[in-house]
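Student: This is a predicted model, with the sequence first.
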Amino acid sequence: MLAESREKFKKIEIFFGKIFSKFGLSPNQFTILTLLFALISFFSLLKEKMILALIFYFLAIALDFIDGAVARFKKMETKKGAYLDTIFDRYVEGLILLSFLFFDLPKILLPANVWIFLAFFGSMMTTYSKAAAKEKELVLNELKKGFFGRGERVILIFLAIFLGVFNKNLMIYPLIILAIFSNITAFQRISFALRGK
């Protein structure tokens, strides 16, 4: 849903692109930093330093926005850069979801580790169903339609960490939502691809 509203954020993107292009880092260097910050967030979560984890996860997702903003502002967009950005996005998401497996989260219908696996699997399938549709030439343009895109997934993971600051048991609820709706979105995109939309 948020991906379809990207044009609304154009002015903000230009603003941040202008500011961060002065830092002297290339878009790909900003992309690499996202993984570094995600790693710090991951290890902070393992030590249950929730506020530190929240700060570094926020920095990781902020830099994920900034790398593209800088690339477009400096007219440095490349296929390799876009590819690297997509790969690092998956690593960031995977790392944080992996960290949740180390928490003793409550069972809500299913064990917590099953929900976390479903959240991870749904997130990967949402992305893969999009990539495979383009690779197999079922669609001309990249599939960005669907109920939950990357933006929604990022927000729910952020919310899970945020709730963990107050009560770690609450972390499971955003993860359940993520597990359900990311898989629904994957099926939506599979349906769109088969219909050539």
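Tutor: Structure's in. What do you need? Numbers count the residues shown, from 1 in each chain.

Student: And for stretch 29-40, what's in contact with it?
Tutor: Stretch 29-40 is contacted from outside by 20, 25, 52, 56-57, 59-61, 63-64, 66-67, 70, 81, 84-85, 88-89, 91-92, 95-96, using C-beta atoms under 8 Å, 6 or more residues apart in numbering. Every residue, glycine included, has its C-beta placed from N, CA and C.

Student: The same query, at a cut-off of 6 Å, please.
Tutor: 56, 59-60, 63-64, 66-67, 84-85, 88, 91-92, 95 (C-beta atoms under 6 Å, 6 or more residues apart in numbering).

Student: Check which residues of it are buried.
Tutor: 30-31, 33-35, 37-38, 40 (16 or more other C-beta atoms under 10 Å).

Student: got a markdown table for those, with distance to W115 and secondary structure too?
Tutor: As requested, the buried residues of stretch 29-40 are exported to a markdown table (distance: C-beta to C-beta, whole Å; DSSP: H, G, I helix; E, B strand; the rest coil):
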| residue | distance to W115 | secondary structure |
| --- | --- | --- |
| F30 | 32 | helix |
| T31 | 29 | helix |
| L33 | 30 | helix |
| T34 | 25 | helix |
| L35 | 25 | helix |
| F37 | 25 | helix |
| A38 | 21 | helix |
| I40 | 25 | helix |
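
Student: Output the helix or strand F121 falls within as PDB - backbone C-alpha positions only.
Tutor: Element membership for F121 (DSSP states H and E) is helix 112-135. Extracted in PDB, the C-alpha atoms of helix 112-135 (Å, rounded to 0.1, in the frame of the first residue of the first chain):
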ATOM      1  CA  ALA A 112       6.100 -17.900  18.600                       C
ATOM      2  CA  ASN A 113       8.800 -19.500  16.500                       C
ATOM      3  CA  VAL A 114       6.200 -20.700  14.000                       C
ATOM      4  CA  TRP A 115       4.800 -17.100  13.700                       C
ATOM      5  CA  ILE A 116       8.400 -15.800  13.200                       C
ATOM      6  CA  PHE A 117       9.100 -18.300  10.500                       C
ATOM      7  CA  LEU A 118       5.800 -17.400   8.800                       C
ATOM      8  CA  ALA A 119       6.700 -13.700   9.000                       C
ATOM      9  CA  PHE A 120      10.100 -14.400   7.500                       C
ATOM     10  CA  PHE A 121       8.800 -16.700   4.800                       C
ATOM     11  CA  GLY A 122       5.900 -14.300   3.900                       C
ATOM     12  CA  SER A 123       8.300 -11.400   3.600                       C
ATOM     13  CA  MET A 124      10.700 -13.400   1.400                       C
ATOM     14  CA  MET A 125       7.800 -14.700  -0.800                       C
ATOM     15  CA  THR A 126       6.300 -11.200  -1.200                       C
ATOM     16  CA  THR A 127       9.600 -10.100  -2.700                       C
ATOM     17  CA  TYR A 128      10.300 -13.400  -4.600                       C
ATOM     18  CA  SER A 129       6.900 -13.500  -6.200                       C
ATOM     19  CA  LYS A 130       7.500 -10.000  -7.500                       C
ATOM     20  CA  ALA A 131      11.000 -10.800  -8.800                       C
ATOM     21  CA  ALA A 132      10.000 -14.200 -10.400                       C
ATOM     22  CA  ALA A 133       7.000 -12.600 -12.200                       C
ATOM     23  CA  LYS A 134       9.400 -10.200 -13.900                       C
ATOM     24  CA  GLU A 135      12.100 -12.800 -14.500                       C
END
